[in-house]
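Q: what's the 3D shape of this:
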Amino acid sequence: MAVLKSWRRIVGIVGTVAGALLAYGILTNFSSIHQTASFLSKFTIKELFVLQSTFRLRQPDPLSSNMIVLRMRADPGAIREVPNPNGAIVSTVPAGTTLRPLSEKRAWYLVEPREDADGPSFRKGYVSVSDVEWAANCVPAEMIDLGPGDLFRDCAAAPEMIVVPAGSFMMGSPASEEYRLPDEGPQRKVEITTPFAAGVYEVTFEQWDACQRTGGCGPKEPHDLGLGRGNYPVMNIDWPQARKYVRWLSAITGKRYRLLSEAEWEYAARAGTTAPRPGSGSDSSYCEHLNGLDLTALKLVPDVVDAVGSTIPCSDGYPAGAVVGSFSPNAFGLYDMIGNVSEWTQDC
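A: Numbering: from 1, shown residues only. Prediction:
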């Protein structure tokens, strides 16, 4: 769950959290975490335990992702009857053969032929992790003319993108705005002179795990705080890690991905509105558009108002993080631009 303070600052209620909104070419964005140790210190151990106990524990098997493929690196590669280097060899396949991993056991994968891949047939068996490698499932799509509002995906391993139109807006917030932070002014007019593409959803754990499996995002695995991985937004990553992810996307697609600038992010988040929050302005409409610090959290942790000053006067149904795309998009077709988890930008 996130604390709704303004368009520019969403602070995670359960610790360091991160999300990711991506953009592409001169067109980009990605998201991440804010450290909240001082915020957490305002809660009792019992209250934090109550929050933790509500977290979903769903842990999808990362081997099931269609964003990456397992292929034989050894030539020829041995597939054995049992996960043992002395086990009987049931098949051998040349380097480059794609495999369908079924499970992982210590230093071995149980594999079988991929149904959708051309290659030699072989019997199901075990292959040593030292004989195989993970690769991005990325055959770049043909480029076509795109206009504002058009959706596209460069390849299976890349995020779904949408073209954001050019335009102008008043960046920052007026001094009279409720919950305004000191660094949100002075207001100034900003021109976005060229359309750009941004990720439709926050970057998910599944997308991040694909980058990490293939060596693009480093060895450090971000913790999900018990929420679950899969289509939950990635969290607990820092700015250098966010940049590694967009560099990985650039490498596998041959296109230019980068983090959005702060101005591009706020323009995309506002999507033409000057209101401090998304929705129609009614209390109930806030929770249709964002996962924030609301009455759901208030029931779990009654002292939360004393810790952060306010809550959203509605219930979004999520005591903590939500699967990406669980709420209504903004006018540009972007989800979770406010709430859920925070975003990293190229500058600050």
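Q: can you report phi and psi for the most centrally placed residue in the chain?
A: The residue lying closest to the centre of the chain (Cα atoms, centre = their mean) is V203, at 1.9 Å. Dihedral pair for V203: phi -60, psi 130, per degrees, to the nearest 10.
Q: equivalent analysis for the one 10 residues further on, please.
A: Backbone torsions for R213, taken as degrees, to the nearest 10, come to phi -60, psi -40.
Q: read off the pLDDT value for it.
A: We have a pLDDT of 91 for R213.
Q: excluding chain neighbours, what is closest to it?
A: Distance criterion Cβ to Cβ, 6 or more residues apart in numbering; nearest residue to R213, sequence neighbours excluded, is W134 at 4.3 Å. Where C-beta positions appear, they are placed from N, C-alpha and C, glycine not excepted.
Q: for that neighbour, grab phi and psi.
A: Note on W134: its backbone torsions stand at phi -90, psi 140 [degrees, to the nearest 10].
Q: show me what contacts it?
A: W134 makes contact with I68, V69, L70, R213, T214, G215, according to Cβ atoms under 8 Å, 6 or more residues apart in numbering.
Q: SS state for the third one?
A: The three-state label for L70, taken from DSSP: H, G, I helix; E, B strand; the rest coil, comes out as strand.
Q: burial measure for it, as a count.
A: 21 (other Cβ atoms under 10 Å).
Q: quick one: the helices in this structure, in order.
A: 37-40, 45-53, 205-213, 239-253, 262-270, 283-289, 295-300, 304-308 (DSSP state H).
Q: lowest average pLDDT across those?
A: Among the helices of the chain, helix 37-40 has the lowest mean pLDDT, at a mean of 45.
Q: for the stretch 101-250 of the chain, what are the low-confidence residue spans?
A: 117 (pLDDT under 70).
Q: any chance of the contacts of W134 in TSV, plus distance to N340?
A: As requested, those are exported to TSV (distance: Cβ to Cβ, whole Å):
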residue	distance to N340
I68	25
V69	30
L70	31
R213	24
T214	26
G215	28
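Q: the residues you listed, buried ones only, as a ChimeraX selection?
A: Under the burial definition 16 or more other Cβ atoms under 10 Å, those of these that qualify are selected in ChimeraX by:
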select :68,69,70,213,214
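Q: looking at the contacts of W134, which is nearest P159?
A: Taking Cβ to Cβ as the measure, P159 sits nearest to I68 out of the contacts of W134, at 14.2 Å.
Q: looking at the closest one now. What's its pLDDT?
A: Per-residue pLDDT puts I68 at 94.
Q: that one contacts E133, doesn't it?
A: No. Here I68 does not reach E133: they are 10.1 Å apart, not a contact under Cβ atoms under 8 Å.
Q: which parts of stretch 165-180 are buried?
A: Across stretch 165-180, burial judged by 16+ other Cβ under 10 Å covers G167, F169, M171, G172, S173, E177, R180.
Q: so how far is that stretch from its chain's centroid?
A: Its chain's C-alpha centre and that of stretch 165-180 lie 26 Å apart, by Cα atoms, centre = their mean, to the nearest Å.
Q: same check, this time on stretch 213-233
A: For stretch 213-233, the gap between its own C-alpha mean and the chain's C-alpha mean amounts to 9 Å (Cα atoms, centre = their mean).
Q: what about it, how long is it end to end?
A: With Cα to Cα, to the nearest Å as the measure, stretch 213-233 spans 17 Å from end to end.
Q: wait, what's in contact with the residue nearest to Y109 when sequence neighbours are not counted?
A: Counting by Cβ to Cβ, 6+ apart, P101 is the residue found nearest to Y109 once chain neighbours are left out, at 4.8 Å. If you count contacts by Cβ under 8 Å, 6+ apart, P101 has them with L63, L70, Y109, L110, V111.
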